[in-house]
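Trainee: Next one to model:
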Amino acid sequence: MRSDPIREQREACYHILAYLMDNPDAGDTFEGIVEWWLLHQRIKFETRTVSDAVAKLTAEGLIVEEKGSDSRSIYRVRRDAHNVQDMQARLSQIRELLDA
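Mentor: Got it, this is the predicted structure:
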């Protein structure tokens, strides 16, 4: 993966503004913004991103969803020889897209 400073700056701007939209009375030091605001926004972003990724991988049949004893979903790899090949192919495909 290549680092893109302009993209990273745009993402930071987005997350700061999104935090302020959610918390219009907020104010903090630079350190507070880095430690709390961006962390909070990043967690929200990552939660949405991971949720979408899990749904996609489940829909593709690469992982399966099972209900745990507490009724929460547990995600696992689907264990069969064909799935291992599918997973390797999907990993290669994703890596190529990330490196592009």
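Trainee: make it CA atoms for all contacts and neighbour counts henceforth
Mentor: Noted.
Trainee: so Arg76, which of the three states?
Mentor: The assignment at Arg76 comes out as strand when based on DSSP: H, G, I helix; E, B strand; the rest coil.
Trainee: you'd agree it is up against Gly61?
Mentor: No - applying CA atoms under 8 Å, one finds Arg76 not in contact with Gly61, separated by 10.6 Å.
Trainee: Neighbour count: these two, which is higher?
Mentor: Gly61 (15 against 12; other CA atoms under 10 Å).
Trainee: buried set for the strand or helix carrying Leu91?
Mentor: Assigned by DSSP states H and E, Leu91 falls within helix 81-99. Across helix 81-99, burial judged by 16 or more other CA atoms under 10 Å covers Met87.
Trainee: Can I get it as PDB, trimmed to CA atoms?
Mentor: The C-alpha trace of helix 81-99 is given here as PDB (Å, rounded to 0.1, in the frame of the first residue of the first chain):
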ATOM      1  CA  ALA A  81     -10.600 -27.300   0.400                       C
ATOM      2  CA  HIS A  82     -12.400 -25.200  -2.300                       C
ATOM      3  CA  ASN A  83     -12.800 -22.300   0.100                       C
ATOM      4  CA  VAL A  84      -9.000 -22.200   0.800                       C
ATOM      5  CA  GLN A  85      -8.400 -21.700  -2.900                       C
ATOM      6  CA  ASP A  86     -11.200 -19.100  -3.100                       C
ATOM      7  CA  MET A  87      -9.700 -17.200  -0.200                       C
ATOM      8  CA  GLN A  88      -6.200 -17.200  -1.700                       C
ATOM      9  CA  ALA A  89      -7.500 -15.900  -4.900                       C
ATOM     10  CA  ARG A  90      -9.500 -13.200  -3.200                       C
ATOM     11  CA  LEU A  91      -6.500 -12.100  -1.100                       C
ATOM     12  CA  SER A  92      -4.400 -11.800  -4.200                       C
ATOM     13  CA  GLN A  93      -7.200  -9.800  -5.900                       C
ATOM     14  CA  ILE A  94      -7.500  -7.400  -3.000                       C
ATOM     15  CA  ARG A  95      -3.700  -7.000  -2.700                       C
ATOM     16  CA  GLU A  96      -3.500  -6.000  -6.400                       C
ATOM     17  CA  LEU A  97      -6.200  -3.400  -5.900                       C
ATOM     18  CA  LEU A  98      -4.500  -2.000  -2.800                       C
ATOM     19  CA  ASP A  99      -1.100  -1.800  -4.600                       C
END
